[in-house]
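Q: give me a model of this one.
(one chain, ligands or ions: 3)
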Amino acid sequence: MNNKKNLNEQNLADSLRSQGISRRSFLKFCAATASMMALPPSMIPAIASALEQAKRPSVIWLSFQECTGCTESLTRAHTATIENLIFDSISLDYHHTLQAASGDAAEAAREEAMRENWGKYLLVVDGSIPTLDMGYSTIAGMSNLDMFLETAAGAAAIISVGTCAAFGGIPHAHPNPTGAYSVYDIIKRYGSSGTDGVSAASIKHNSAGSVADKPIITVPGCPPIPVVITGVLTHYLTFGMIPELDHLGRPKAFYGQSIHDRCYRRPFYDKGLFAETFDDEGAKKGWCLYKLGCKGPTTYNACATTKWNNGTSFPIESGHPCLGCSEPHFWDGGSFYKALSMPTEDLSKTAIYTAAGAAAVGVALGALNSSKKSTAVAEHTKTTIDDLEK
Ligand code: SF4
Ligand code: SF4
Ligand code: F3S
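A: Numbering: from 1, shown residues only. Ligands and ions are numbered 1, 2, ... in the order given. Okay, here's the model as predicted:
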(Lines give C-alpha, C1' and ligand atoms only; values in the text may rest on other atoms or scores of the structure.)
(Ligands and ions follow the chains in the order given, each with its own letter.)
Protein backbone atom coordinates (compact mmCIF):
# COMPACT_ATOMS: atom_id res chain seq x y z
CA MET A 1 0.00 0.00 0.00
CA ASN A 2 2.76 2.44 0.96
CA ASN A 3 4.56 1.53 -2.21
CA LYS A 4 1.43 2.32 -4.20
CA LYS A 5 1.06 5.65 -2.42
CA ASN A 6 4.69 6.50 -3.18
CA LEU A 7 4.15 5.64 -6.81
CA ASN A 8 1.04 7.81 -6.96
CA GLU A 9 2.98 10.71 -5.49
CA GLN A 10 5.64 10.42 -8.21
CA ASN A 11 5.39 12.99 -10.95
CA LEU A 12 5.55 11.96 -14.57
CA ALA A 13 9.23 12.92 -14.96
CA ASP A 14 10.15 10.66 -11.98
CA SER A 15 8.13 7.88 -13.50
CA LEU A 16 9.76 8.24 -16.93
CA ARG A 17 13.23 8.43 -15.32
CA SER A 18 12.53 5.27 -13.36
CA GLN A 19 11.79 3.61 -16.72
CA GLY A 20 15.29 4.61 -17.89
CA ILE A 21 14.15 7.50 -20.12
CA SER A 22 16.93 10.12 -20.50
CA ARG A 23 16.31 13.88 -20.55
CA ARG A 24 17.11 13.92 -24.26
CA SER A 25 14.60 11.16 -25.00
CA PHE A 26 12.07 12.93 -22.80
CA LEU A 27 12.41 16.12 -24.87
CA LYS A 28 12.12 14.09 -28.08
CA PHE A 29 9.00 12.57 -26.62
CA CYS A 30 7.63 16.07 -25.87
CA ALA A 31 8.34 17.15 -29.47
CA ALA A 32 6.52 14.07 -30.80
CA THR A 33 3.64 14.76 -28.42
CA ALA A 34 3.35 18.38 -29.61
CA SER A 35 3.29 17.23 -33.22
CA MET A 36 0.73 14.53 -32.44
CA MET A 37 -1.55 17.08 -30.81
CA ALA A 38 -1.06 19.50 -33.73
CA LEU A 39 0.61 22.06 -31.44
CA PRO A 40 3.37 24.42 -32.68
CA PRO A 41 7.03 23.58 -31.78
CA SER A 42 7.06 26.66 -29.52
CA MET A 43 4.84 24.66 -27.14
CA ILE A 44 7.48 21.95 -26.57
CA PRO A 45 9.11 23.62 -23.49
CA ALA A 46 5.68 24.23 -21.97
CA ILE A 47 4.73 20.59 -22.51
CA ALA A 48 8.04 19.41 -21.02
CA SER A 49 7.62 21.60 -17.96
CA ALA A 50 3.96 20.64 -17.44
CA LEU A 51 4.67 16.94 -17.90
CA GLU A 52 7.64 17.05 -15.53
CA GLN A 53 5.43 18.38 -12.78
CA ALA A 54 2.28 16.40 -13.59
CA LYS A 55 1.25 13.89 -10.95
CA ARG A 56 0.43 10.39 -12.11
CA PRO A 57 -3.35 10.50 -12.32
CA SER A 58 -5.40 7.66 -10.96
CA VAL A 59 -7.22 5.94 -13.80
CA ILE A 60 -10.09 3.48 -13.38
CA TRP A 61 -10.81 1.54 -16.56
CA LEU A 62 -14.15 -0.26 -16.82
CA SER A 63 -14.86 -2.75 -19.61
CA PHE A 64 -18.52 -3.50 -20.34
CA GLN A 65 -20.06 -5.08 -23.48
CA GLU A 66 -16.86 -5.22 -25.52
CA CYS A 67 -14.50 -7.59 -27.31
CA THR A 68 -11.23 -6.55 -25.60
CA GLY A 69 -10.07 -5.14 -28.94
CA CYS A 70 -9.68 -1.64 -27.49
CA THR A 71 -7.40 -2.86 -24.68
CA GLU A 72 -5.53 -5.08 -27.15
CA SER A 73 -5.00 -2.06 -29.36
CA LEU A 74 -3.38 -0.09 -26.56
CA THR A 75 -1.22 -2.88 -25.21
CA ARG A 76 -0.01 -4.46 -28.43
CA ALA A 77 2.99 -2.14 -28.92
CA HIS A 78 6.20 -4.17 -28.97
CA THR A 79 8.71 -1.35 -28.63
CA ALA A 80 9.03 1.74 -26.42
CA THR A 81 6.46 4.02 -28.01
CA ILE A 82 4.79 7.19 -26.88
CA GLU A 83 1.70 5.18 -26.06
CA ASN A 84 3.31 2.70 -23.70
CA LEU A 85 5.46 5.42 -22.09
CA ILE A 86 2.35 7.35 -21.23
CA PHE A 87 0.37 4.27 -20.37
CA ASP A 88 3.10 3.13 -17.96
CA SER A 89 3.11 6.57 -16.40
CA ILE A 90 -0.48 6.65 -15.27
CA SER A 91 -1.66 4.95 -12.13
CA LEU A 92 -3.97 2.33 -13.58
CA ASP A 93 -5.76 1.38 -10.39
CA TYR A 94 -8.41 -0.88 -11.89
CA HIS A 95 -8.67 -2.60 -15.25
CA HIS A 96 -10.71 -5.79 -15.55
CA THR A 97 -8.49 -7.33 -18.18
CA LEU A 98 -5.03 -6.21 -17.09
CA GLN A 99 -5.18 -6.31 -13.30
CA ALA A 100 -3.62 -9.23 -11.45
CA ALA A 101 -6.20 -9.08 -8.65
CA SER A 102 -9.53 -10.84 -8.98
CA GLY A 103 -12.78 -11.24 -7.07
CA ASP A 104 -13.20 -9.21 -3.87
CA ALA A 105 -9.62 -7.88 -4.02
CA ALA A 106 -10.24 -6.40 -7.47
CA GLU A 107 -13.43 -4.66 -6.38
CA ALA A 108 -11.70 -3.43 -3.21
CA ALA A 109 -9.01 -1.84 -5.42
CA ARG A 110 -11.67 0.07 -7.36
CA GLU A 111 -13.39 1.26 -4.20
CA GLU A 112 -10.09 2.31 -2.64
CA ALA A 113 -9.00 4.21 -5.76
CA MET A 114 -12.37 5.99 -5.78
CA ARG A 115 -12.16 6.87 -2.09
CA GLU A 116 -8.59 8.15 -2.25
CA ASN A 117 -8.99 10.14 -5.46
CA TRP A 118 -12.64 11.20 -5.30
CA GLY A 119 -13.31 13.96 -7.82
CA LYS A 120 -9.85 13.58 -9.38
CA TYR A 121 -9.54 10.23 -11.11
CA LEU A 122 -10.08 9.64 -14.80
CA LEU A 123 -12.69 7.05 -15.72
CA VAL A 124 -11.96 5.21 -18.96
CA VAL A 125 -14.75 3.03 -20.35
CA ASP A 126 -14.66 0.58 -23.22
CA GLY A 127 -17.77 -1.26 -24.32
CA SER A 128 -21.42 -0.26 -24.34
CA ILE A 129 -23.83 -0.59 -21.44
CA PRO A 130 -26.91 -2.88 -21.62
CA THR A 131 -30.19 -1.54 -20.30
CA LEU A 132 -32.86 -4.11 -21.22
CA ASP A 133 -31.92 -6.72 -18.66
CA MET A 134 -29.21 -5.97 -16.13
CA GLY A 135 -28.25 -9.66 -16.18
CA TYR A 136 -26.82 -9.35 -19.70
CA SER A 137 -23.54 -8.13 -18.29
CA THR A 138 -22.51 -8.00 -14.65
CA ILE A 139 -19.21 -7.66 -12.84
CA ALA A 140 -18.84 -8.92 -9.27
CA GLY A 141 -22.62 -9.24 -9.14
CA MET A 142 -23.13 -5.61 -10.08
CA SER A 143 -24.84 -4.49 -13.27
CA ASN A 144 -22.76 -2.52 -15.75
CA LEU A 145 -25.14 0.39 -15.36
CA ASP A 146 -24.75 0.48 -11.57
CA MET A 147 -20.98 0.16 -11.73
CA PHE A 148 -20.69 2.85 -14.36
CA LEU A 149 -22.88 5.39 -12.55
CA GLU A 150 -21.25 4.69 -9.19
CA THR A 151 -17.74 5.13 -10.61
CA ALA A 152 -18.64 8.09 -12.83
CA ALA A 153 -19.93 9.97 -9.79
CA GLY A 154 -16.40 10.64 -8.49
CA ALA A 155 -14.57 11.03 -11.80
CA ALA A 156 -12.96 14.26 -12.96
CA ALA A 157 -13.72 13.28 -16.55
CA ILE A 158 -14.82 10.24 -18.53
CA ILE A 159 -13.04 8.94 -21.61
CA SER A 160 -15.16 6.68 -23.85
CA VAL A 161 -12.60 4.53 -25.61
CA GLY A 162 -13.72 2.73 -28.77
CA THR A 163 -16.86 2.97 -30.86
CA CYS A 164 -18.83 0.71 -28.48
CA ALA A 165 -18.39 3.13 -25.57
CA ALA A 166 -18.48 6.21 -27.79
CA PHE A 167 -21.55 5.43 -29.90
CA GLY A 168 -22.85 1.98 -28.89
CA GLY A 169 -20.85 0.16 -31.58
CA ILE A 170 -21.57 -3.44 -32.50
CA PRO A 171 -23.69 -4.27 -29.41
CA HIS A 172 -25.94 -1.32 -30.30
CA ALA A 173 -26.33 -2.49 -33.94
CA HIS A 174 -29.82 -3.43 -35.10
CA PRO A 175 -31.73 -5.12 -33.48
CA ASN A 176 -29.74 -4.15 -30.36
CA PRO A 177 -30.91 -7.16 -28.31
CA THR A 178 -29.42 -5.95 -25.03
CA GLY A 179 -30.65 -2.35 -25.27
CA ALA A 180 -27.00 -1.25 -25.43
CA TYR A 181 -26.15 2.43 -25.16
CA SER A 182 -23.04 4.55 -25.34
CA VAL A 183 -21.59 6.30 -22.29
CA TYR A 184 -22.97 9.62 -23.52
CA ASP A 185 -26.47 8.22 -24.00
CA ILE A 186 -26.40 6.52 -20.60
CA ILE A 187 -25.44 9.79 -18.93
CA LYS A 188 -28.20 11.55 -20.85
CA ARG A 189 -30.79 8.93 -19.85
CA TYR A 190 -29.80 8.15 -16.27
CA GLY A 191 -27.20 10.72 -15.23
CA SER A 192 -29.41 13.09 -13.33
CA SER A 193 -32.49 11.20 -12.27
CA GLY A 194 -31.47 7.58 -11.84
CA THR A 195 -33.77 4.72 -12.70
CA ASP A 196 -35.45 1.74 -11.12
CA GLY A 197 -32.64 -0.41 -12.44
CA VAL A 198 -29.98 1.75 -10.81
CA SER A 199 -29.34 1.58 -7.10
CA ALA A 200 -29.89 4.82 -5.22
CA ALA A 201 -26.32 4.52 -3.92
CA SER A 202 -25.04 5.15 -7.42
CA ILE A 203 -26.47 8.61 -7.44
CA LYS A 204 -26.41 9.41 -3.72
CA HIS A 205 -22.75 9.88 -2.92
CA ASN A 206 -22.13 12.12 -5.85
CA SER A 207 -20.30 14.95 -4.15
CA ALA A 208 -18.06 15.68 -7.14
CA GLY A 209 -20.83 17.34 -9.12
CA SER A 210 -23.70 15.82 -11.04
CA VAL A 211 -22.96 12.76 -13.14
CA ALA A 212 -24.88 14.55 -15.86
CA ASP A 213 -22.29 17.34 -15.90
CA LYS A 214 -19.19 15.15 -16.24
CA PRO A 215 -16.98 16.06 -19.16
CA ILE A 216 -16.97 13.17 -21.65
CA ILE A 217 -14.28 12.72 -24.27
CA THR A 218 -15.18 10.25 -27.00
CA VAL A 219 -12.30 8.41 -28.65
CA PRO A 220 -14.07 6.26 -31.28
CA GLY A 221 -12.61 3.63 -33.55
CA CYS A 222 -13.07 -0.12 -33.64
CA PRO A 223 -10.58 -0.18 -32.09
CA PRO A 224 -9.23 3.37 -31.69
CA ILE A 225 -5.65 4.19 -32.68
CA PRO A 226 -3.44 3.66 -29.57
CA VAL A 227 -1.58 6.93 -30.05
CA VAL A 228 -4.91 8.77 -30.09
CA ILE A 229 -5.94 7.18 -26.77
CA THR A 230 -2.66 8.18 -25.16
CA GLY A 231 -2.72 11.55 -26.92
CA VAL A 232 -5.89 12.36 -25.01
CA LEU A 233 -4.28 11.22 -21.75
CA THR A 234 -1.17 13.28 -22.54
CA HIS A 235 -3.25 16.36 -23.20
CA TYR A 236 -4.96 15.93 -19.86
CA LEU A 237 -1.63 15.40 -18.08
CA THR A 238 -0.05 18.39 -19.80
CA PHE A 239 -2.79 20.96 -19.55
CA GLY A 240 -4.95 19.57 -16.75
CA MET A 241 -8.01 19.89 -18.94
CA ILE A 242 -9.75 18.03 -21.72
CA PRO A 243 -8.82 18.87 -25.32
CA GLU A 244 -11.01 20.86 -27.69
CA LEU A 245 -13.85 18.59 -28.84
CA ASP A 246 -16.13 18.47 -31.87
CA HIS A 247 -19.93 18.17 -31.71
CA LEU A 248 -19.66 14.41 -31.09
CA GLY A 249 -17.25 14.91 -28.21
CA ARG A 250 -14.18 13.83 -30.21
CA PRO A 251 -10.85 15.65 -29.81
CA LYS A 252 -10.51 17.90 -32.84
CA ALA A 253 -6.73 17.37 -33.01
CA PHE A 254 -7.33 13.75 -34.05
CA TYR A 255 -10.82 13.75 -35.55
CA GLY A 256 -10.86 17.16 -37.25
CA GLN A 257 -10.33 15.80 -40.76
CA SER A 258 -11.80 12.92 -42.70
CA ILE A 259 -9.77 9.93 -43.85
CA HIS A 260 -10.51 11.13 -47.40
CA ASP A 261 -9.05 14.60 -46.66
CA ARG A 262 -5.63 13.08 -45.96
CA CYS A 263 -5.71 9.88 -48.01
CA TYR A 264 -2.69 9.29 -50.25
CA ARG A 265 -5.02 7.70 -52.87
CA ARG A 266 -6.93 10.98 -53.15
CA PRO A 267 -5.30 12.05 -56.46
CA PHE A 268 -6.80 8.92 -58.06
CA TYR A 269 -10.23 9.76 -56.65
CA ASP A 270 -9.95 13.28 -58.05
CA LYS A 271 -9.06 11.87 -61.48
CA GLY A 272 -11.91 9.34 -61.35
CA LEU A 273 -9.55 6.34 -61.25
CA PHE A 274 -11.14 3.58 -59.16
CA ALA A 275 -10.33 -0.06 -58.43
CA GLU A 276 -13.40 -2.08 -59.47
CA THR A 277 -12.38 -5.35 -57.81
CA PHE A 278 -9.75 -6.29 -55.25
CA ASP A 279 -7.46 -7.82 -57.86
CA ASP A 280 -7.93 -5.76 -61.01
CA GLU A 281 -5.33 -3.51 -62.61
CA GLY A 282 -6.66 -0.48 -60.70
CA ALA A 283 -6.20 -2.27 -57.38
CA LYS A 284 -2.67 -3.25 -58.36
CA LYS A 285 -1.89 0.35 -59.33
CA GLY A 286 -3.18 1.64 -55.99
CA TRP A 287 -6.23 3.49 -57.36
CA CYS A 288 -9.01 4.82 -55.16
CA LEU A 289 -11.09 2.22 -53.27
CA TYR A 290 -14.32 4.21 -53.28
CA LYS A 291 -16.17 1.77 -55.52
CA LEU A 292 -15.16 -1.10 -53.25
CA GLY A 293 -17.07 0.58 -50.45
CA CYS A 294 -14.55 3.02 -48.96
CA LYS A 295 -16.24 5.21 -46.31
CA GLY A 296 -13.21 7.51 -46.05
CA PRO A 297 -15.14 10.56 -47.35
CA THR A 298 -17.54 10.47 -44.37
CA THR A 299 -15.22 9.08 -41.70
CA TYR A 300 -13.35 11.32 -39.28
CA ASN A 301 -10.23 9.72 -37.79
CA ALA A 302 -6.45 10.10 -37.83
CA CYS A 303 -5.60 6.78 -39.59
CA ALA A 304 -4.29 8.43 -42.77
CA THR A 305 -1.76 10.51 -40.81
CA THR A 306 -0.80 8.67 -37.60
CA LYS A 307 -1.39 5.22 -39.16
CA TRP A 308 -1.20 1.99 -37.13
CA ASN A 309 1.52 -0.20 -35.66
CA ASN A 310 4.05 2.55 -35.07
CA GLY A 311 3.12 4.38 -38.26
CA THR A 312 3.47 1.30 -40.47
CA SER A 313 0.22 1.40 -42.42
CA PHE A 314 -3.56 1.78 -42.26
CA PRO A 315 -6.43 -0.17 -43.85
CA ILE A 316 -6.47 1.74 -47.15
CA GLU A 317 -2.69 1.42 -47.49
CA SER A 318 -3.03 -2.33 -47.20
CA GLY A 319 -5.63 -2.37 -49.95
CA HIS A 320 -8.87 -2.44 -47.96
CA PRO A 321 -11.55 0.28 -47.96
CA CYS A 322 -12.17 2.24 -44.79
CA LEU A 323 -15.27 0.76 -43.09
CA GLY A 324 -16.05 3.97 -41.23
CA CYS A 325 -15.34 2.29 -37.89
CA SER A 326 -15.04 5.54 -35.94
CA GLU A 327 -18.48 6.85 -36.95
CA PRO A 328 -21.82 6.37 -35.17
CA HIS A 329 -23.92 3.49 -36.58
CA PHE A 330 -21.11 2.29 -38.86
CA TRP A 331 -22.29 -1.29 -38.41
CA ASP A 332 -25.81 -0.47 -39.65
CA GLY A 333 -24.75 1.82 -42.49
CA GLY A 334 -25.23 -0.74 -45.28
CA SER A 335 -22.79 -3.14 -46.89
CA PHE A 336 -19.14 -2.53 -46.11
CA TYR A 337 -18.36 -3.25 -49.76
CA LYS A 338 -20.98 -1.09 -51.42
CA ALA A 339 -20.10 2.47 -52.34
CA LEU A 340 -22.30 4.78 -50.28
CA SER A 341 -20.91 8.22 -50.55
CA MET A 342 -19.30 10.16 -53.36
CA PRO A 343 -19.07 9.40 -57.06
CA THR A 344 -21.25 7.07 -59.08
CA GLU A 345 -20.64 4.93 -62.13
CA ASP A 346 -21.14 8.11 -64.08
CA LEU A 347 -18.23 9.90 -62.48
CA SER A 348 -15.68 7.48 -63.90
CA LYS A 349 -17.36 7.85 -67.32
CA THR A 350 -17.14 11.58 -66.80
CA ALA A 351 -13.43 11.23 -66.17
CA ILE A 352 -13.11 9.40 -69.51
CA TYR A 353 -15.10 12.11 -71.27
CA THR A 354 -12.88 14.68 -69.60
CA ALA A 355 -9.80 12.90 -70.85
CA ALA A 356 -11.37 12.86 -74.30
CA GLY A 357 -11.73 16.61 -74.24
CA ALA A 358 -15.15 17.22 -72.71
CA ALA A 359 -13.46 19.03 -69.83
CA ALA A 360 -16.42 21.24 -68.97
CA VAL A 361 -18.66 18.26 -68.16
CA GLY A 362 -16.05 16.77 -65.83
CA VAL A 363 -15.29 20.05 -64.12
CA ALA A 364 -18.98 20.77 -63.59
CA LEU A 365 -19.69 17.35 -62.08
CA GLY A 366 -16.46 17.51 -60.06
CA ALA A 367 -17.49 20.92 -58.71
CA LEU A 368 -20.96 19.60 -57.88
CA ASN A 369 -19.51 16.62 -56.04
CA SER A 370 -16.95 18.75 -54.31
CA SER A 371 -19.55 21.27 -53.20
CA LYS A 372 -21.82 18.50 -51.88
CA LYS A 373 -18.84 16.98 -50.15
CA SER A 374 -17.89 20.33 -48.56
CA THR A 375 -21.44 20.69 -47.27
CA ALA A 376 -21.32 17.15 -45.93
CA VAL A 377 -17.95 17.81 -44.28
CA ALA A 378 -19.15 21.11 -42.82
CA GLU A 379 -22.34 19.58 -41.48
CA HIS A 380 -20.72 16.23 -40.89
CA THR A 381 -23.55 14.28 -42.46
CA LYS A 382 -23.38 11.38 -44.85
CA THR A 383 -23.69 12.23 -48.54
CA THR A 384 -25.32 9.35 -50.35
CA ILE A 385 -25.38 8.38 -54.01
CA ASP A 386 -29.03 9.46 -54.04
CA ASP A 387 -27.99 12.94 -52.84
CA LEU A 388 -25.46 13.24 -55.60
CA GLU A 389 -27.89 12.08 -58.26
CA LYS A 390 -30.47 14.72 -57.36
FE1 SF4 B 1 -14.21 -4.31 -29.69
FE2 SF4 B 1 -14.52 -2.42 -31.53
FE3 SF4 B 1 -16.05 -2.38 -29.39
FE4 SF4 B 1 -13.44 -1.80 -29.13
S5 SF4 B 1 -14.96 -0.61 -30.27
S6 SF4 B 1 -14.66 -3.14 -27.80
S7 SF4 B 1 -12.55 -3.15 -30.70
S8 SF4 B 1 -16.05 -4.02 -30.97
FE1 SF4 C 1 -8.89 7.27 -50.13
FE2 SF4 C 1 -11.22 6.09 -49.80
FE3 SF4 C 1 -11.12 8.68 -50.41
FE4 SF4 C 1 -10.49 6.85 -52.22
S5 SF4 C 1 -12.55 7.18 -51.29
S6 SF4 C 1 -9.37 8.72 -51.77
S7 SF4 C 1 -9.48 5.29 -50.97
S8 SF4 C 1 -10.40 7.75 -48.56
FE1 F3S D 1 -11.41 2.44 -39.07
FE2 F3S D 1 -11.38 3.55 -41.45
FE3 F3S D 1 -9.35 3.91 -39.85
S4 F3S D 1 -12.11 1.49 -40.92
S5 F3S D 1 -9.26 1.99 -38.73
S6 F3S D 1 -11.44 4.63 -39.52
S7 F3S D 1 -9.27 3.69 -42.05
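Q: alpha carbons only for contacts and neighbour counts from here, please
A: OK.
Q: got a list of what residue 188 touches?
A: Listed by Cα atoms under 8 Å, 6 or more residues apart in numbering, the contact set of residue 188 reads residue 212.
Q: centre of the chain versus the helix or strand hosting it, how much separation?
A: Taking DSSP states H and E as the criterion, residue 188 maps to helix 183-190. Offset of helix 183-190 from its chain centre (Cα atoms, centre = their mean, to the nearest Å): 18 Å.
Q: wait, does it contact ligand 1?
A: No. On the criterion Cα under 6 Å from any ligand atom, helix 183-190 is out of touch with ligand 1, staying 12.5 Å away.
Q: buried stuff in that helix?
A: 183-187, 190 (16 or more other Cα atoms under 10 Å).
Q: avg pLDDT for that helix?
A: Per-residue pLDDT over helix 183-190 has a mean of 93.
Q: about what we covered before: show me which of the buried residues of helix 183-190 is closest to ligand 1.
A: When the buried residues of helix 183-190 are ranked by distance to ligand 1 (Cα to the nearest ligand atom), residue 183 comes first, at 12.5 Å.
Q: how about the helix or strand where residue 254 lies: buried residues?
A: Using DSSP H and E, residue 254 sits in helix 252-255. Buried residues in helix 252-255, defined by neighbour count with 16+ other Cα under 10 Å: 252-255.
Q: make TSV out of those residues and add distance to residue 100 and pLDDT.
A: Converted to TSV, the buried residues of helix 252-255 look like this (distance: Cα to Cα, whole Å; pLDDT from 0 to 100):
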residue	distance to residue 100	pLDDT
252	35	93
253	34	90
254	32	92
255	34	95
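Q: from those, which are also near ligand 2?
A: Okay, of the buried residues of helix 252-255, nothing touches ligand 2 (Cα under 6 Å from any ligand atom).
Q: surely residue 145 meets residue 128?
A: No. Assessed by Cα atoms under 8 Å, residue 145 is found out of contact with residue 128, at 9.7 Å.
Q: return the residues of the protein in contact with ligand 1.
A: Where the chain comes near ligand 1, counting by Cα under 6 Å from any ligand atom, the residues are 66-70, 126-127, 162-164, 169-170, 221-223.
Q: just the ones of those residues in helices?
A: Secondary structure defined by DSSP state H assigns 69-70, 162-164, 169-170 of these to helices.
Q: most neighbours among these, please name it.
A: Neighbour counts for these peak at residue 164, which has 34 neighbours (criterion: other Cα atoms under 10 Å).
Q: what residues are up against it?
A: Contacts for residue 164 (Cα under 8 Å, 6+ apart) come out as 65-66, 126-128, 170-172, 182, 220, 222.
Q: ligand 2 contacts on the stretch 151-300 of the chain?
A: Counting by Cα under 6 Å from any ligand atom, the stretch 151-300 of the chain comes close to ligand 2 at 259-260, 263, 265-266, 269, 288-290, 294, 296-297.
Q: so can I have JSON lines of these showing secondary structure?
A: As requested, these are exported to JSON lines (DSSP: H, G, I helix; E, B strand; the rest coil):
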{"residue": "259", "secondary structure": "helix"}
{"residue": "260", "secondary structure": "helix"}
{"residue": "263", "secondary structure": "coil"}
{"residue": "265", "secondary structure": "coil"}
{"residue": "266", "secondary structure": "helix"}
{"residue": "269", "secondary structure": "helix"}
{"residue": "288", "secondary structure": "strand"}
{"residue": "289", "secondary structure": "coil"}
{"residue": "290", "secondary structure": "helix"}
{"residue": "294", "secondary structure": "coil"}
{"residue": "296", "secondary structure": "helix"}
{"residue": "297", "secondary structure": "helix"}
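Q: ok, the residue lying closest to residue 36 once chain neighbours are set aside - how many residues close by?
A: Residue nearest to residue 36 in three dimensions, not counting chain neighbours: residue 231, with 7.2 Å by Cα to Cα, 6 or more residues apart in numbering. If you count neighbours by other Cα under 10 Å, residue 231 ends up with 23.
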